[in-house]
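sequence and predicted structure, then a few things I'm wondering about:
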Amino acid sequence: MIGLLALDTAGCLLAGELHALWPDHSTVFRAEDGGESPGALLERALGDCRQLVCCAPVASIVRLLLRHPPAGRALSGEAGVPDGTGVVCVDPERRFAVSLTGHGTGADELAEEVSTLLDTCPVRPGGPVVGAPVAGTPVADAPVADALVAGVGLREATALPEVAQLIRRTLREAGLADGSVARLATLTGKGDHPAVRHAAALLGVPVDEHTAEDLSAVTVPNPSTAVGAAVGTLSVAEAAALASTPGGELLVPKQKSATVTVAVARAAASGRLTVVGLGPGPRDLVVPRADAELRRASVAVGTPDALAAAAGLLPPGARRLTAPDCLRAAVELASRGAAVALIVLGDGRAYAPPASDRYALVRVPGLPLLADVDGDPS
């Protein structure tokens with residue numbers, strides 16, 4: 001169970017929003033409910049939950065932890081937090097989700113999940129803000145999607161967070177980033193399972209469905225007669241991942257949790273570079289195709305102003321990059337297999353990426369700036 005700690009009105013709003021997204025897997029601790037002091041409420045929340053999201057400033061929570069260490073449980077070195085407890089703080093301005101207790105407690109993963117849901121930036125102890133645009137970042141150091149597909153098999157009884165948790169654990173153990181997954185794939189009819197929809201929403205990716213007949217035609221390294229008897233194909237996770245990456249390779253064979261299997265396949269190297277012009281006007285004048293192209297991008301490249309203008313149009317998992325030479329950065333990323341949107345304020349015609357057999361090149365011009373008969377902008 002995930003605890004949601006709220007110490008004031010702003011915190012209650014955030015906690016309520018998260019609880020609505022996790023109705024069966026979270027409980028809210030509000031200072032106004034029982035008249036407890038903030039310190040006592042925090043102590044109770046840490047005693048009841050192994051994961052806690054504090055909707056309050058980091059400094060406030062750290063002070064409370066130091067003054068009111070929980071009783072009856074072994075403490076780690078993280079400001080008096082019980083061993084194994086994952087604690088995340090979300091600031092009232094909704095800018096950051098800060099992992100207080102680090103990777104071994106699941107706090108890093110929880111911070112990323114919260115950030116996806118609330119559109120904040122996750123922050124890990126001792127590490128950089130993840131996903132924030134960094135001016136001048138070298139292309140080689142920028143996070144890049146690898147066009148991976150996570151194949152998923154599951155049961156009807158699978159709990160809401162289990163698919164996302166296994167996908168993230170599988171990626172982490174393989175040294176892969178969450179943002180490297182371009183889509184999920186599963187058996188026909190399973191794409192609407194709440195656990196699959198939840199994982200797809202967290203990763204910001206679509207879901208492919210394949211029939212049992214199609215999956216049966218895919219050769220896999222770990223077929224299962226039990227799975228075949230149950231669903232009509234000897235493999236779901238591995239076969240679905242491969243079916244969604246024609247010509248690709250199985251990167252991670254199936255991994256299991258209690259009711260879920262996950263496998264990861266990599267598509268044959270083929271990037272996509274789309275030059276998207278946002279036009280000179282307000283957002284409601286952005287052409288529909290530009291909106292569609294931005295939502296399929298795994299990496300967005302542009303000036304800080306261009307990235308800010310497109311912020312509400314990008315999928316939650318998209319990485320954002322600004323560089324001294326945005327065109328060069330976009331070309332290099334697309335050449336390495338990423339789905340890149342080069343975002344431009346204006347019609348975008350001034351940008352001319354070279355044609356390449358390593359990526360598909362698409363242009364979506366923005367609406368041009370109109371001029372009157374004298375040539376002055378109107």
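Cool, got the structure.

need the strands for the stretch 201-350 of the chain, in chain order.
Counting by DSSP state E, counting those that start in this stretch, the stretch 201-350 of the chain has strands at residues 207-210, 249-256, 260-266, 271-277, 299-301, 319-321, 339-344.

and these, which one averages the lowest pLDDT?
Here the lowest mean pLDDT among the strands of the stretch 201-350 of the chain goes to strand 319-321, at a mean of 83.

strand partners (parallel or antiparallel) of it?
Sheet pairing here is set by DSSP bridges, and for strand 319-321 it gives strand 299-301 (parallel).

please compute how far the partner strand lies from its chain's middle.
Computed by CA atoms, centre = their mean, to the nearest Å, the chain-centroid distance of strand 299-301 equals 15 Å.

now stretch 248-259
19 Å.

can you list contacts of it?
148-149, 151, 153-155, 157-159, 162, 165-166, 169-170, 173-174, 176, 220-222, 235, 237-238, 241-242, 261-268 (CB atoms under 8 Å, 6 or more residues apart in numbering). Just so you know, the C-beta spots here come from the backbone N, C-alpha and C atoms, and that holds for glycine as well.

of all the strands of the stretch 201-350 of the chain, which one is nearest S99?
Distance to S99, taken as CB to CB, is lowest for strand 319-321 among the strands of the stretch 201-350 of the chain, at 18.9 Å.

among the strands of the stretch 201-350 of the chain, which is nearest L361?
Nearest of the strands of the stretch 201-350 of the chain (CB to CB): strand 271-277, 5.4 Å.

any buried residues in the closest one, and which?
Buried residues in strand 271-277, counted by 16 or more other CB atoms under 10 Å: G271, R272, L273, T274, V275, V276, G277.

and if you look at stretch 161-173?
Neighbour-count burial for stretch 161-173 [16+ other CB under 10 Å]: P161, E162, V163, A164, Q165, L166, I167, R168, T170, L171.

show me what contacts A164?
Residues near A164 by CB under 8 Å, 6+ apart: E113, A195, H198, A199, L202, L203.

which of those has the weakest pLDDT?
Among these, pLDDT bottoms out at L202, giving 75.

was I right about that residue contacting V114?
No. Counting by CB atoms under 8 Å, L202 stays clear of V114, with 9.9 Å between them.

who has more neighbours, these two?
The neighbour count for L202 versus V114, taken as other CB atoms under 10 Å, is higher for V114 (27 against 24).

check the secondary structure at the more buried one for me.
Following DSSP: H, G, I helix; E, B strand; the rest coil, V114 is assigned to helix.

could you check how far it is from C89?
Here the criterion is CB to CB, to the nearest Å. By it, V114 lies 10 Å from C89.

joint contacts of the two?
V53, A97.

residue contacts, D91?
The contact partners of D91, taken as CB under 8 Å, 6+ apart, are A56, P57, V58, V98.

possible to save the residues you listed as a markdown table with distance to E36 and secondary structure?
Output for the contacts of D91, formatted as a markdown table (distance: CB to CB, whole Å; DSSP: H, G, I helix; E, B strand; the rest coil):
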| residue | distance to E36 | secondary structure |
| --- | --- | --- |
| A56 | 15 | coil |
| P57 | 19 | coil |
| V58 | 21 | helix |
| V98 | 24 | strand |
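
now those residues in CSV, with neighbour count?
Formatted as CSV, the contacts of D91 follow (neighbours: other CB atoms under 10 Å):
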residue, neighbour count
A56, 24
P57, 17
V58, 16
V98, 25
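
how many residues are close by D214?
15.

ditto for D24
Neighbours of D24 using other CB under 10 Å come to 9.

tell me the SS of it?
coil.

any idea how far H198 is from it?
D24 sits 11 Å away from H198, going by CB to CB.

overlap in contacts of those two?
L160.

ranges for the strands of the stretch 1-150 of the chain?
Taking DSSP E, counting those that start in this stretch as the criterion, the stretch 1-150 of the chain contains strands spanning 2-6, 26-30, 51-55, 86-90, 96-99, 121-123, 148-154.

mind checking how far the fifth one is from the chain centre?
Using CA atoms, centre = their mean, we find the averaged C-alpha position of strand 96-99 to lie 14 Å away from the chain's own average C-alpha position.

average pLDDT for that strand, rounded please.
Regarding strand 96-99, the rounded mean pLDDT is 84.

same deal with the first one?
Taken as a whole, strand 2-6 carries a mean pLDDT of 91.

quick one: end-to-end distance for stretch 254-265.
Its start and end residues considered, stretch 254-265 measures 10 Å (CA to CA, to the nearest Å).

which positions in it come out as buried?
Buried positions in stretch 254-265, judged by neighbour count with 16+ other CB under 10 Å: K254, Q255, S257, T259, V260, T261, V262, A263, V264, A265.

then stretch 232-249?
If you call a residue buried by 16+ other CB under 10 Å, then stretch 232-249 has these buried ones: 233-245, 248.

how far away is P23 from P161?
Look at P23 and P161: by CB to CB, they are 12 Å apart.

and if you look at A263?
From A263 to P161 the distance is 19 Å (CB to CB).

give me the distance between P23 and Q51.
P23 sits 16 Å away from Q51, going by CB to CB.

which ones are touching T85?
When contacts are counted by CB under 8 Å, 6+ apart, T85 touches L46, C49, R50, Q51, L52, S76, T101, T105.

which ones are touching the residue nearest to L100 when sequence neighbours are not counted?
Using CB to CB, 6 or more residues apart in numbering and skipping residues adjacent in sequence, the residue nearest L100 is V87, 4.3 Å away. Applying CB under 8 Å, 6+ apart, we find V87 in contact with L46, Q51, L52, C54, I61, E78, V81, S99, L100, T101, T105, A107.

re earlier: filter the contacts of T85 down to the buried ones.
L46, C49, Q51, L52, S76, T101, T105.
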